[in-house]
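Enquirer: sequence and computational prediction follow.
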Protein chains: 2
Amino acid sequence: MSIVVVGSVAYDTVETANGGADEALGGSAIYFSVAARFFTPVSVVGIVGSDFKPDSRQILADRGIDIRGLEQRPGKTFRWHGRYHEDMNKRDTLSVALNVFENFSPDLLPDQRRCDYLFLGNIAPELQERVLSQVMSPKLVAGDTMNHWIQERGPELRKLLSRIDILTLNDEEARMLSGEHNLVKAGKAILRMGPKTALVKRGEYGVIQFSSEGMFAVPAYPLEEVVDPTGAGDTFAGAFMGYLARNGRINESSLRTAAVYGTVVASFVVERFSLDRLLELTWEEIEQRYRAFIELTDSHHSRWTSQ
Amino acid sequence: MSIVVVGSVAYDTVETANGGADEALGGSAIYFSVAARFFTPVSVVGIVGSDFKPDSRQILADRGIDIRGLEQRPGKTFRWHGRYHEDMNKRDTLSVALNVFENFSPDLLPDQRRCDYLFLGNIAPELQERVLSQVMSPKLVAGDTMNHWIQERGPELRKLLSRIDILTLNDEEARMLSGEHNLVKAGKAILRMGPKTALVKRGEYGVIQFSSEGMFAVPAYPLEEVVDPTGAGDTFAGAFMGYLARNGRINESSLRTAAVYGTVVASFVVERFSLDRLLELTWEEIEQRYRAFIELTDSHHSRWTSQ
């Protein structure tokens, strides 16, 4: 089943202690699409400026991503410039220029309105609502948000939350949204706001998934080197939704497998700058690391007891 | 099989935003013993002052802990006074009075020298070495250390590391000992120093176990309320070693199960101040949370696929 994703499309400039990326293709909808495409067809909905490079378009088209929904407008594409600390969990935003993104008002194509799987990337809740209202009878709706919308668009966000199935957000945002410092309490409070599943992302510490069935703790895949964490959360979401859409069944079992695939694909994107690692990634590598992840967390010791 | 543990015995004063404990029985050897005793007999080796209360002795004796090795000397028992931040991962030490602990020079009893399982709690590496040298042919030796010894007793610690099987330490200490910021690199570097297994404790983020077989990531059991993190690491170590000693086989499978039992018992100790929760804990509660932990981390979805 195919997915429609709406979100940002950007050119990112990233600085780290060990190099950086300059005006590299990024944005939540892009990371999501490239990750989800390993599992299922994806239509991306976003806005770009007249400076959007044919090369960028080609990168997406080459991977079979449907880019009819990339609206091009006069002006510049969204720009983000950030710098990571030595501790890669922390970063400073040096500049943000919304450019054409400021007047983004997404309209889905007729076939996109009939989609079964919808992902509302991190944009204003009223825009997420606008897109959701255009979709006729989605099977599964997931969304992401951020501290800015929690603080500035509380009522709009709360309204949206009552209409979506799955919310992804990071630990700091979960605390802010719920007003609970403790993550278990925060997760439960978010479920009471509407979503049946909440995925709390904790960067290098992994993800906790909350649902009516209980909690699922997924550690991050430990890496010897993290080059660039940009896009890891969107990549997680893309692989997570991609797996669910391909699988077609939504239950605790498929949600857990989806969270593991999300973790696995996100562990690749941080190995190099920007999309570089995702663009050369193979399905075989994903499956290989999926098996390594199962071993990493295998307290049933299905492999070890036979030794 | 019984365990001999050497370490600190203290009266702790703890402050948190929600209350505290005053002169409560604590110290690495005490938390370790009370946790390990759920699995196997334990002999505790430590030093106490003339102010050590008969009640404290009784608490240990009532749980069948062998306290013949608790040497009593004129003077006061070790005191520690700490205050936790709102973020319980951080604490300030307000005062430390080593008292009789300053002249601790442990000598094992003849039967303790024949023990199979030895845990060298967090004391000076030369004292850990002294105890190790008294044990005739241990089957398994594990030890803990801290930033102070890494900085001040580097050569002594490195010598000890070449003689022990398992090292437990926290993430900050692992980075300091190895000189590697990345935890995967740090874990591997520590294995090259001697231990066959290294357990890196990350507080609320769980434990990563490193061995020649690879990594095992164990998330902490998520709790709705953490009252007092004091002693969690020593409790982890006590249940970990306790399981191994009871099981009798040391392999990747038993090490993984041991790390889960360590995590489970440690998740109880933080629910109340000091030893309070551990002292009322039942084996049934441990087994119940063990099963809950397996579900929490079950990406095999052995339970869920049948639904």
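Expert: Great, that's in hand. Residues are numbered from 1 along each chain as shown, chains lettered A, B, ... in the order given.

Enquirer: what's the burial count for the closest residue to A:E172 other than its chain neighbours?
Expert: Spatially, and ignoring its direct neighbours in sequence, A:E172 is nearest to A:N147 (6.7 Å; CB to CB, 6 or more residues apart in numbering or on different chains). All C-beta spots, glycine's among them, are computed from the backbone N, C-alpha and C. Counted by other CB atoms under 10 Å in any protein chain shown, the residues lying close to A:N147 total 14.

Enquirer: can you tell me the element the residue nearest in space to the middle of chain A falls in?
Expert: For chain A, A:D234 is the residue whose C-alpha lies nearest the centre (CA atoms, centre = their mean; 2.2 Å). Per DSSP states H and E: A:D234 is located in helix A:232-247.

Enquirer: next to chain B, which bits of the stretch 101-250 of chain A? Give me the list.
Expert: A:181-185, A:202, A:205-206, A:208, A:213-219, A:222-226 (CB under 8 Å from any CB of the partner chain).

Enquirer: SS state for the residue of the stretch 51-200 of chain A found nearest chain B?
Expert: As assessed by CB to the nearest CB, chain B sits closest to A:V184 within the stretch 51-200 of chain A, at 4.7 Å. Classification of A:V184 using DSSP: H, G, I helix; E, B strand; the rest coil returns helix.

Enquirer: number of nearby residues for it?
Expert: 18.

Enquirer: for A:E102, see how far away the residue nearest to A:E172 is.
Expert: 19 Å (CB to CB, to the nearest Å).

Enquirer: now intersect the residues of the stretch 101-250 of chain A next to chain B with the strands, please.
Expert: In strands, judged by DSSP state E, the following of these are found: A:208, A:214-218.

Enquirer: and of these, the nearest to chain B?
Expert: A:A217 (3.8 Å).

Enquirer: and that closest one, what does it touch?
Expert: A:206-209, B:206, B:219, B:222, B:296-297 (CB atoms under 8 Å, 6 or more residues apart in numbering or on different chains).

Enquirer: and the two most separated of these?
Expert: A:Q209 and B:G206 (15.5 Å; CB to CB).

Enquirer: for the stretch 201-307 of chain A, which spans come out with low pLDDT?
Expert: A:300-307 (pLDDT under 70).

Enquirer: hmm, try it at 50
Expert: Confidence mapping of the stretch 201-307 of chain A against pLDDT under 50 gives the ranges A:304-307.

Enquirer: go ahead and confirm A:R73 touches A:D51.
Expert: No - contact between A:R73 and A:D51 fails when scored by CB atoms under 8 Å: they sit 10.8 Å apart.

Enquirer: longest helix in chain A, please.
Expert: helix A:252-269 (DSSP state H).

Enquirer: chain center to whichever helix or strand comes after that helix: distance?
Expert: Per DSSP H and E, the first helix or strand lying C-terminal to helix A:252-269 is helix A:276-280. Centroid separation for helix A:276-280 versus its chain: 16 Å, with CA atoms, centre = their mean, to the nearest Å.

Enquirer: same check, this time on stretch A:257-266
Expert: Chain-centre distance of stretch A:257-266: 11 Å, with CA atoms, centre = their mean.

Enquirer: so A:V5, which of the three states?
Expert: A:V5 ends up strand, using three-state DSSP.

Enquirer: what about the closest residue to it other than its chain neighbours, which helix or strand?
Expert: Nearest non-adjacent residue to A:V5, counting by CB to CB, 6+ apart: A:F119, 4.4 Å away. Taking DSSP H and E as the definition, one finds A:F119 inside strand A:117-120.

Enquirer: that strand: how far from the chain's middle?
Expert: Taking CA atoms, centre = their mean, the mean C-alpha location of strand A:117-120 is offset from the chain mean by 11 Å.

Enquirer: for it, packing partners?
Expert: strand A:3-6, helix A:125-134, strand A:140-144, helix A:232-247 (3 or more CB pairs under 8 Å, 6 or more residues apart in numbering or on different chains; DSSP states H and E).

Enquirer: next up, the contacts around the nearest residue to A:E204 once chain neighbours are set aside.
Expert: Leaving aside its sequence neighbours, A:E204 sits nearest to A:A220 (CB to CB, 6+ apart; 5.2 Å). Residues counted as contacts of A:A220 (CB under 8 Å, 6+ apart) are A:202-207, A:263, A:266-267.

Enquirer: output the helix or strand containing A:F293 as CSV, nothing but the C-alphas.
Expert: Element membership for A:F293 (DSSP H and E) is helix A:283-296. The C-alpha coordinates for helix A:283-296 follow below in CSV (Å, rounded to 0.1, in the frame of the first residue of the first chain):
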residue,chain,number,x,y,z
TRP,A,283,17.8,-3.9,1.2
GLU,A,284,20.3,-6.6,2.0
GLU,A,285,22.1,-4.2,4.4
ILE,A,286,18.8,-3.4,6.1
GLU,A,287,18.0,-7.1,6.6
GLN,A,288,21.5,-7.8,7.8
ARG,A,289,21.4,-5.1,10.4
TYR,A,290,17.8,-6.1,11.3
ARG,A,291,19.2,-9.5,12.3
ALA,A,292,22.1,-7.9,14.2
PHE,A,293,19.6,-5.8,16.1
ILE,A,294,17.5,-8.9,17.0
GLU,A,295,20.7,-10.4,18.4
LEU,A,296,21.6,-7.2,20.2
